[in-house]
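# dropping the sequence and predicted coords here.
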Amino acid sequence: MGGAPVLRVTAQDFYDYDKCPHRVYLDHHGNPEEKLPLADFLNLLFERALLHEQDVIKDLDHIVAEGKTLEERAAVTMDLMKDGVERIYHGVLLEDDDSGIPDLLEKVDGKSKLGDYFYKPVDIKSGSGYESESKGTLRKDYGKQLFHYGKLLQQVQGYFPPGSEILNKRRERILYPLTDFAGLYAEAAPRVRALTSGEETDEPALCSDCKNCQWWGHCEEILVKVNDLTLLPGAGRDKKETLNGVGVCSIEDVAGFDFGKVKLRGIGPKTAESMPRAARVALSGKMELLRKPDLPDSAMKIYFDFEDDPTQELVYLCGLWAEPSIKGLNFYGYFCTNETGEAKMWADFQKLCTDIGSEDYVVFHYSAYEKTKLNELERKYGIQERDAVETFRNRMKDLLPVVKNSVVLPTRGYGLKELAPFIGRPYETEDAGGAQAIVWFQEYQKDPSRQDIFKKILGYNREDCLVLKAVYEWLRGL
Ligand code: SF4
């Protein structure tokens, strides 16, 4: 093990706990040498978040809490608070077992042991600051982080700040009333503390966050060694915890367990039927056919795939592979690098819908993502060719539920990247993946003379369309 474990509970621990409790344990007690380098995509997210933070902070009067060590910075923060400065950037709040570094501490009129004022925490985020912006729901992970700062402030200034804020990507201030998160914080705190101190260790469980986690190398080795049940598609941590409670830990255990005998929390009749079947398929390595796929047919087939960059809320590529070709072309890749281009891309796509309006065609895609993005583009830019786009939308057929309803696969998931090698059409593009494509896209935005990157982005999207075609043909052959 390298270095002494860090035992103080941080606000980051509460944020990570929501995603994976095992990560909290490993961050404090794991061997740092086992950590993988940060994925390019996460590096990019951190870089963007930092640039946004610097951009916001340069327009706000503030004083930085400087110092060489955390203790020194905490002492400087305390002095600045006693002096009543309006805004402190990266102030350090330190207690015996807890620490926190809110982006900002802002002075508010009121009473505290500091005088006729107190401080509230404000964090700068490059997203919207909401769980769901349209519904106005706040994020629980942010709420718990801010509550942690509030608790530390209570120690330091003798007063718990009732409110806190997230300064979002549009520089709007989203109010987070701290008392709303007291229950969630109290519920999580004992386990977060036990994992941080090492009293509890927890276990890895395969989830969607694993692919970008620096502990994946460490955790995958353990999961594979014990043939952990979360290696089954869609199993997840909650089911693992329930099943571990009755002694079911491995895929072999799941295959041999009589699900009809006991009623288990979170395991409904559908799971009780599908899970042991998935386990038997995983152990045999052989696919099981449930029913013949129900697939539409038509003279023209279109394989459709969008690429977007959520950090910029931009759909940057709309790809279609058509057979037979449309006006002599099989592949259409509408590409843009900014919102002006996105509006044009949307107009070009609508024009294509009009051009094929009289054809007998069907559009295949994979997951609900394409329909969601289509709706977003319509909301953003309006619709000029309503009938043609409606026809296109009505002819869309999602192949993901068709796959899930037709076969049980011996793979870890049912995503295109997992399915492609299984059906004998592995991706040729190196590092293929949506997150990596965003990294390439942003590299290209920085330097549009890089035709090599442009070709890679377009080639990856074209390959997604062609893998989709291979999936359709494979399904037809079952
Ligand atoms: S790799 Fe997965 S299981 Fe392991 S710590 Fe990360 S998120 Fe948790």
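Here it is on my side, so go on. Numbering: from 1, shown residues only.
# got the buried residues for stretch 31-43?
Buried residues in stretch 31-43, defined by neighbour count with 16 or more other C-beta atoms under 10 Å: 35, 39-41. Yep, even glycine has a C-beta here, placed from its N, CA and C like the rest.
# equivalent analysis for stretch 379-387, please.
For stretch 379-387, by 16+ other C-beta under 10 Å, it's 381, 385.
# how far is it from where the chain is centred?
Here the centre of stretch 379-387 is set off from its chain's centre by 29 Å, with C-alpha atoms, centre = their mean, to the nearest Å.
# end to end on it, go ahead and measure it.
Stretch 379-387 has an end-to-end distance of 16 Å (C-alpha to C-alpha, to the nearest Å).
# mean confidence score for stretch 25-41?
In this model, stretch 25-41 has an average pLDDT of 92.
# that one and the ligand in contact?
Yes - counting by C-beta under 6 Å from any ligand atom, the ligand is contacted by stretch 25-41 at L26.
# which residues sit against that stretch?
Taking contacts as C-beta atoms under 8 Å, 6 or more residues apart in numbering, the residues outside stretch 25-41 that touch it are 1-3, 5-7, 12-13, 16, 46, 195-196, 198, 200-202, 212, 214-218, 435-436, 438-439.
# just the ones of the buried residues of stretch 31-43 in helices?
Of the buried residues of stretch 31-43, the ones assigned to helices by DSSP state H are 40-41.
# which bits of this protein sit near the ligand?
Counting by C-beta under 6 Å from any ligand atom, the chain sits next to the ligand at 20, 22-23, 26, 204-205, 207, 209-210, 213, 215-216, 219.
# which residues touch the one residue in the stretch 301-450 of the chain that gets nearest to the ligand?
When scored by C-beta to the nearest ligand atom, the stretch 301-450 of the chain has R412 as its residue closest to the ligand, at 12.6 Å. Counting by C-beta under 8 Å, 6+ apart, R412 touches 206, 231-233, 418.
# in ChimeraX, select just the buried ones from the residues you listed.
Only the buried entries of these go into this ChimeraX selection, using 16+ other C-beta under 10 Å:
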select :206,231,232,233
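# which strand in this structure runs the most residues?
Secondary structure of the chain per DSSP state E: the longest strand is strand 314-326.
# which helices and strands does whatever helix or strand comes next after that strand pack with?
Proceeding N to C from strand 314-326, the next assigned helix or strand is strand 329-335, under DSSP states H and E. Using 3 or more C-beta pairs under 8 Å, 6 or more residues apart in numbering; DSSP states H and E, the elements in contact with strand 329-335 are strand 314-326, helix 339-355, helix 451-476.
# can you get me a residue count around the nearest residue to C353 once chain neighbours are set aside?
Using C-beta to C-beta, 6 or more residues apart in numbering and skipping residues adjacent in sequence, the residue nearest C353 is A388, 3.9 Å away. For A388, the count of nearby residues is 20 (other C-beta atoms under 10 Å).
# could I get the contacting residues of L329?
A322.
# okay, now the domains of the chain?
11-197, 226-286, 300-476 (automatic domain parsing).
# which stretches in the stretch 301-450 of the chain count as strands?
314-326, 329-335, 361-365, 396-398, 407-408 (DSSP state E, counting those that start in this stretch).
# per-residue confidence at E430?
At E430, the model reports a pLDDT of 77.
# so how far is L38 from it?
Per C-beta to C-beta, to the nearest Å, E430 is found 19 Å from L38.
# got it, and L94?
Taking C-beta to C-beta, one finds L94 at 27 Å from L38.
# and for E342?
29 Å.
# grab the nearest non-local neighbour of V362.
That would be S298: by C-beta to C-beta, 6+ apart, it lies 4.4 Å from V362.
# chain neighbours aside, what residue packs nearest to Y159?
S112 (3.8 Å).
# ok, that neighbour - contacts?
Contacts of S112 by C-beta under 8 Å, 6+ apart are 118-119, 157-159.
# before we move on, the earlier item: looking at the strands of the stretch 301-450 of the chain, which is closest to S449?
Nearest to S449 among the strands of the stretch 301-450 of the chain is strand 329-335; the distance by C-beta to C-beta comes to 15.3 Å.
# now that closest one: how far from the chain's centre is it?
28 Å.
# partner strands of it, with direction?
Partner strands and pairing direction for strand 329-335 (DSSP bridges) are strand 314-326 (antiparallel).
# in the partner strand, what counts as buried?
For strand 314-326, using 16+ other C-beta under 10 Å, the buried residues are 314-322, 326.
# picking that back up, which of the residues of the chain next to the ligand fall within helices?
Those of the residues of the chain next to the ligand lying in helices (DSSP H): 22-23, 26, 216, 219.
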